[in-house]
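**Student:** missing the sequence, but the structure's below:
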């Protein structure tokens with residue numbers, strides 16, 4: 001037997017008949033590859049199970065091109081969409097805290113390209129670079145290969161900037177051309193703008209839809225874009241930008257007009273959240289809205305900070321959605337193939353397309369699939385009309401079983417890996433003015449346990465005593481509770497604390513934080529601390545797990561002597577006293 005040619009045909013038959021040998025090797029070779037991250041596992045399962053199923057059932061021709069390995073390993077991304085001069089590029093600059101290559105800001109339509117801004121490699125020392133579109137679609141490390149189908153008209157207006165930035169090391173930002181209005185929207189861009197938007201929207205984590213407070217009209221092109229993006233309504237965040245340019249009454253009217261306009265275009269079961277603000281680092285036109293803008297900004301930035309932790313979950317969710325869609329389309333294609341006669345195929349094709357809803361209902365009753373997994377019926381009918389029906393085949397049962405196993409078994413294993421991966425990922429750090437420092441400052445938009453420190457008359461004052469009127473009221477309540485030896489026991493303090501109407505679980509946590517010396521009683525300082533924490537919780541804030549040092553009463557702080565003083569004291573104690581030395585000399 002030659003090692004290079006393998007076993008002979010006769011020995012193979014004998015081995016297979018006995019159920020050992022080569023069959024055992026095949027079972028061993030079917031072991032799943034090991035992977036360390038959810039992204040790697042998604043890539044392997046897609047290439048092994050889902051991609052062969054898509055190729056066999058014309059999914060790439062009917063819906064979307066195949067995924068690349070970079071789609072599973074790329075950073076989370078944000079897509080900015082809006083009419084020209086709504087502040088998209090300024091918003092990106094505000095997030096980064098600096099200019100980026102290709103950044104051009106002006107009142108006129110300045111951005112005429114799809115511009116991807118992503119982080120450079122950590123070890124790269126080269127200056128920021130701008131890569132043109134034709135080079136981007138041939139780079140296997142980037143997920144832009146499928147964009148080559150839009151041709152040179154699009155690729156000439158597609159570029160990518162790579163530069164070092166703390167935010168870009170975790171999040172990729174995508175700027176888009178300003179959506180045209182008036183007669184300009186009828187001009188030909190040379191590529192399908194809405195289809196390109198759909199391609200990006202299907203792959204990003206967040207879609208920011210920006211509106212200018214001074215321009216609320218929705219053009220036909222913007223309407224088509226919003227209708228296309230509504231398929232991913234869970235990703236859309238609506239932003240009313242440049243709101244500092246109007247006063248209070250005007251802002252109320254602008255907000256109402258925007259909601260009225262969106263109600264006729266954006267179809268969703270719930271009222272969309274609109275974030276109001278002015279995202280730039282210049283002076284505010286109406287500074288009276290400063291607090292409102294900062295609160296809205298912090299609410300929006302919560303999604304940005306959690307993007308690195310939610311990226312793996314989003315990719316897992318998108319792959320499952322894609323697998324369900326591929327399964328449904330394959331069953332529909334198989335049903336159309338079964339109903340296609342041998343003669344008069346053109347007439348039968350037109351009839352089947354016309355009655356496509358009946359075909360979908362038939363497949364749903366036979367296989368129990370959900371029609372909610374399908375794209376809009378008109379778009380599906382258009383895709384099927386362009387397809388080559390001579391290539392339609394019945395569903396491959398082996399590939400279908402393999403796909404179902406991936407959905408039911410393999411995906412659950414990846415879900416089990418998510419908690420550890422989410423815990424290992426940190427929050428994104430935004431470089432805008434609000435995120436300039438993690439230290440406590442007097443300009444925090446919301447109250448925190450550190451914010452009252454800026455109300456102190458001197459640095460040595462206790463933070464709880466910052467508000468003299470509240471402190472006097474708390475001391476009066478302490479005296480009225482009749483303390484014994486300067487302290488309130490549990491039943492005495494409970495009667496006062498329960499007047500706050502907070503749940504017992506919250507009051508229990510307040511007690512554990514306020515009882516600093518753990519003697520089961522509250523003295524005057526500890527009682528004032530408890531009332532301070534109750535007031536903080538009633539204001540809508542969360543209590544800390546550990547009491548901050550600046551809230552500990554001065555009398556409860558254990559002051560440790562420096563090591564040098566302890567050593568000197570020990571040395572002095574060990575030295576003989578002068579009187580003892582004299583007595584010893586006299587006795588001698």
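**Tutor:** Here it is on my side, so go on. None of the values given here were measured: they were computed from a predicted structure.
**Student:** Check which helix or strand the nearest residue to residue 331 once chain neighbours are set aside maps to.
**Tutor:** Distances taken as C-beta to C-beta, 6 or more residues apart in numbering put residue 363 closest to residue 331, at 4.9 Å, once the chain neighbours are dropped. For glycine as for every other residue, the C-beta is placed from the backbone atoms N, C-alpha and C. Using DSSP states H and E, residue 363 falls within helix 356-367.
**Student:** Pretty sure the residue nearest to residue 331 sits against residue 332.
**Tutor:** Yes - applying C-beta atoms under 8 Å, one finds residue 363 in contact with residue 332, separated by 5.5 Å.
**Student:** Just the buried positions in stretch 373-380, please.
**Tutor:** By neighbour count on 16 or more other C-beta atoms under 10 Å, the buried set for stretch 373-380 is 374, 375, 380.
**Student:** And for stretch 62-72?
**Tutor:** Buried residues in stretch 62-72 (16+ other C-beta under 10 Å): 62, 63, 64, 67, 68, 69, 71, 72.
**Student:** pLDDT wise, what is the third one at?
**Tutor:** Note on residue 64: pLDDT of 83.
**Student:** quick revisit: residue 363 and residue 332 - which one has more neighbours?
**Tutor:** Remark: of residue 363 and residue 332, residue 332 carries more neighbours, 26 against 20, as counted by other C-beta atoms under 10 Å.
**Student:** From residue 286, how far out is that one?
**Tutor:** The gap separating residue 332 from residue 286 is 55 Å, by C-beta to C-beta, to the nearest Å.
**Student:** Can you tell me the closest non-neighbouring residue to the residue positioned nearest the centre of the chain?
**Tutor:** In the chain, the centroid-proximal residue (C-alpha atoms, centre = their mean) is residue 307; its distance is 2.6 Å. With sequence-adjacent residues excluded and distances taken as C-beta to C-beta, 6+ apart, residue 307 is closest to residue 76, at 4.3 Å.
**Student:** now residue 486
**Tutor:** With C-beta to C-beta, 6+ apart as the criterion, residue 486 has its nearest non-adjacent residue at 5.7 Å, and that residue is residue 523.
**Student:** Now stretch 499-515: buried residues?
**Tutor:** By neighbour count on 16+ other C-beta under 10 Å, the buried set for stretch 499-515 is 500, 502, 506, 507, 509, 510, 511, 513, 514, 515.
**Student:** Name the nearest of the residues you listed relative to residue 368.
**Tutor:** Checking the buried residues of stretch 499-515 against residue 368 by C-beta to C-beta gives residue 506 as the nearest, at 47.4 Å.
**Student:** helices and strands around the host helix or strand of the closest one, which ones?
**Tutor:** When elements are assigned from DSSP H and E, residue 506 belongs to helix 504-514. Other helices and strands packing on helix 504-514, by 3 or more C-beta pairs under 8 Å, 6 or more residues apart in numbering; DSSP states H and E, are helix 490-497, helix 524-538.
**Student:** Next, the angle helix 524-538 makes with that helix.
**Tutor:** 140 degrees (axes from the mean of the first three to the mean of the last three C-alpha atoms, to 10 degrees).
**Student:** tell me how far helix 504-514 is from the chain's mean position?
**Tutor:** 33 Å (C-alpha atoms, centre = their mean, to the nearest Å).
**Student:** outside of that helix, which residues touch it?
**Tutor:** 490, 493-494, 497-498, 500, 502, 522, 526-527, 529-530, 533-534, 537, 543-544, 547 (C-beta atoms under 8 Å, 6 or more residues apart in numbering).
**Student:** Quick one: buried ones out of those?
**Tutor:** Listed as buried from the contacts of helix 504-514 are 493, 497, 500, 502, 522, 526-527, 529-530, 533-534, 537, 547; burial here means 16+ other C-beta under 10 Å.
**Student:** Just flag the most distant two among the residues you listed.
**Tutor:** The widest separation within the buried ones among the contacts of helix 504-514 (C-beta to C-beta) is 18.4 Å, between 500 and 547.
**Student:** At which residues are the helices of the stretch 101-250 of the chain located?
**Tutor:** Under the criterion DSSP state H, counting those that start in this stretch, the stretch 101-250 of the chain contains helices at 133-136, 152-155, 193-201, 220-229, 248-263.
**Student:** pLDDT at residue 428, what is it?
**Tutor:** Note for residue 428: predicted pLDDT of 67.
**Student:** re the thing from before, ok, the residue nearest to the centre of the chain touching residue 172?
**Tutor:** No - using C-beta under 8 Å as the test, residue 307 is too far from residue 172 to be in contact (10.0 Å).
**Student:** Quick check: neighbours shared by these two?
**Tutor:** Residues touching both residue 307 and residue 172 (C-beta under 8 Å, 6+ apart) are 76, 78.
**Student:** re earlier: for the helix holding residue 506, the averaged confidence score.
**Tutor:** The average pLDDT within helix 504-514 is 88.
**Student:** Please report the distance of the nearest residue to residue 285 once chain neighbours are set aside from residue 327.
**Tutor:** Once flanking residues are discounted, residue 285 sits nearest to residue 244: 4.2 Å by C-beta to C-beta, 6+ apart. Distance, residue 244 to residue 327, using C-beta to C-beta: 50 Å.
**Student:** just residue 293 next, same as before
**Tutor:** Taking C-beta to C-beta, one finds residue 293 at 46 Å from residue 327.
**Student:** now swap in residue 344 and tell me
**Tutor:** Per C-beta to C-beta, residue 344 is found 30 Å from residue 327.
**Student:** Those two: who's more crowded?
**Tutor:** Between residue 344 and residue 327, residue 327 has the larger neighbour count (other C-beta under 10 Å), namely 22 against 9.
**Student:** Chain neighbours aside, what residue packs nearest to the more buried one?
**Tutor:** Leaving aside its chain neighbours, residue 327 sits nearest to residue 403 (6.1 Å; criterion: C-beta to C-beta, 6+ apart).
**Student:** For the helix or strand the one you found falls within, buried residues please.
**Tutor:** Assigning secondary structure by DSSP H and E places residue 403 in helix 397-405. Neighbour-count burial for helix 397-405, counted by 16+ other C-beta under 10 Å, picks out 399, 400, 402, 403.
**Student:** Burial check on residue 197, number of neighbours?
**Tutor:** 22.
**Student:** Tell me how far the residue lying closest to it once chain neighbours are set aside lies from residue 149.
**Tutor:** Using C-beta to C-beta, 6+ apart and skipping the chain neighbours, the partner closest in space to residue 197 is residue 225 (5.6 Å). Counting by C-beta to C-beta, the gap between residue 225 and residue 149 amounts to 19 Å.
**Student:** Of those two, give the one with the bigger neighbour count.
**Tutor:** Under the neighbour definition other C-beta under 10 Å, residue 225 and residue 149 were set side by side, and residue 225 has more, 24 against 12.
**Student:** Can you read off the pLDDT for that one?
**Tutor:** So, for residue 225, pLDDT stands at 90.
**Student:** Specify the local secondary structure of residue 379.
**Tutor:** Here residue 379 is helix, with the state taken from DSSP: H, G, I helix; E, B strand; the rest coil.
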